[in-house]
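S.K.: coordinates only, sequence not included:
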C-alpha cells in the first residue's frame with residue numbers, strides 16, 4: 001500500500017503548499033495558508049494536509065462556523081477548499097482526506113456540509129460527494145452571498161456553488 005499520511009497543517013506548510021500548486025499552474029498564495037494556520041490556532045477551522053511518501057499531496061479544511069447562511073443558521077460544519085494535486089488524483093488521497101474530515105466533524109455534529117462548483121472543472125468533486133452520500137440542501141444555487149433567482153444572469157466561475165449535506 002502507498003504511504004499516505006494525514007496530519008494537521010503546521011507552520012512549515014504554507015510555502016511548500018503554495019509552491020506545489022504554483023508548479024501545476026494554480027495560484028494558492030502563502031497568505032491563504034497562513035490565514036488557515038491562524039484560524040486553526042483559534043479553533044475556527046481544522047486544516048488537514050495529505051502527504052504521499054513524505055511529500056505534499058493535498059489538503060482540506062473543516063470550518064466550524066460556515067459563512068454559508070444555511071449552514072451557519074443550523075450550525076453545520078463545512079468541508080471546504082478541498083484540493084489534491086493533479087498528479088496524485090485517483091490515488092485514494094481525496095477519499096482519505098474526506099474520511100478524516102468527516103471523522104473530525106462527527107465529534108461535534110451529526111451533519112456535514114460542503115459546497116461545490118457547478119461547471120465541468122468540478123465534475124470529479126461532484127461525483128465524489130454524491131457517491132459519499134451528500135445530497136443537495138434544497139436551497140438552490142448560491143453565489144457571492146446570495147441565493148440565485150429564476151432568470152437571474154450570472155458569470156459562471158468558482159464562486160457559483162450548490163451546497164450539500166450528509167448525515168454522518
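M.R.: Cool, the structure landed. For clarity, every value in this text was computed on a predicted model and none was experimentally measured.
S.K.: Just after the helix or strand hosting residue 58, pick out the following helix or strand.
M.R.: Residue 58 is located in strand 55-63, with elements delineated by DSSP states H and E. Once the chain leaves strand 55-63, the next helix or strand it forms, by DSSP H and E, is helix 69-73.
S.K.: Which neighbouring elements make contact with that following helix?
M.R.: On a contact count with 3 or more CB pairs under 8 Å, 6 or more residues apart in numbering; DSSP states H and E, helix 69-73 meets no helix or strand. For the C-beta atoms, the positions are set from N, CA and C on the backbone; glycine is no exception.
S.K.: one more time with 10 Å
M.R.: Counting by 3 or more CB pairs under 10 Å, 6 or more residues apart in numbering; DSSP states H and E, the packing neighbours recorded for helix 69-73 are strand 111-117, strand 135-143, strand 146-147, strand 160-167.
S.K.: The second one pairs with which strands, parallel or anti?
M.R.: Read that as strand 135-143. Paired neighbours of strand 135-143 in the sheet (DSSP bridges): strand 146-147 (antiparallel), strand 160-167 (antiparallel).
S.K.: In terms of helices and strands, where is residue 102?
M.R.: Assigned by DSSP H and E, residue 102 belongs to helix 93-106.
S.K.: Residues contacting the helix or strand bottoming out on mean pLDDT in the chain, please?
M.R.: Lowest by mean pLDDT, DSSP states H and E among the helices and strands of the chain is helix 123-131, with a mean of 93. Contact partners of helix 123-131, identified using CB atoms under 10 Å, 6 or more residues apart in numbering, comprise 79, 82-84, 89-90, 94-95, 98, 114-118, 120, 122, 134-136, 162, 164, 166.
S.K.: Run me through the strand neighbours of the strand holding residue 58, direction for each.
M.R.: strand 45-52 (antiparallel), strand 78-84 (antiparallel).
S.K.: Using neighbour counts, pick out the buried residues of stretch 114-125.
M.R.: 114-118, 122, 125 (16 or more other CB atoms under 10 Å).
S.K.: Farthest out from the centre of the protein, which residue is that? Tell me.
M.R.: When distances are taken from the C-alpha mean of the chain, residue 151 lies farthest, 29.2 Å away, according to CA atoms, centre = their mean.
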